[in-house]
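J.: mind folding the following:
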Amino acid sequence: MNVTPMIDVLLVLIIIFLVIGERAAGLEAQIPQEGGEESVARQIVVSVGEDRSLRINAEAVEWRDLKDRLREIFISRPGGVLFVAGARQADFEDVARVLDTARGVGIARVALMPKQTAGR
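T.: Next up, the predicted model:
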């Protein structure tokens, strides 16, 4: 039995998968950078606590006021990034609700905080 044609087909498939794999790109990740006061002042972080509490930077916010507060904040920074940080035991539903609200307000750039910095 001659397996040469089968090996040729396998080599062609390997080359195709390599070419497709090189073109695949991941999502661009942006996390807040530790820097001077100026960079911290520009960053907006919404934190969801384990007790369903909600904070925008250091300010406590009610869930019913979240949409209006985000709209107020991002009117002056249309190209800004909103970072969402969920506590380790926070419900994903609450984090998803913040993401959905942010997108509904028209914030184009929404990012999740990594676990190390999310539990402030």
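
J.: so where do the helices sit in this protein?
T.: Under the criterion DSSP state H, the chain contains helices at 4-23, 37-42, 66-75, 92-105, 115-118.

J.: which one of the ones you listed lies nearest to residue 56?
T.: helix 66-75 (6.0 Å; C-beta to C-beta). Glycine gets a C-beta too; all of them are placed from N, C-alpha and C.

J.: so what's residue 67 up against?
T.: 101, 104-105 (C-beta atoms under 8 Å, 6 or more residues apart in numbering).

J.: so who does residue 11 touch?
T.: Neighbouring residues of residue 11 by C-beta under 8 Å, 6+ apart: there are none.

J.: measure it to residue 4 for me?
T.: 11 Å (C-beta to C-beta, to the nearest Å).

J.: quick revisit: which of the contacts of residue 67 lies closest to residue 82?
T.: Minimum distance to residue 82 across the contacts of residue 67 is 9.1 Å, recorded for residue 105 (C-beta to C-beta).

J.: does that closest one touch residue 70 like I think?
T.: Yes - using C-beta atoms under 8 Å, residue 105 is in contact with residue 70, at 4.8 Å.

J.: which of those two has more residues huddled nearby?
T.: It is residue 70, of residue 105 and residue 70, that has more neighbours when counted by other C-beta atoms under 10 Å, with 22 against 19.
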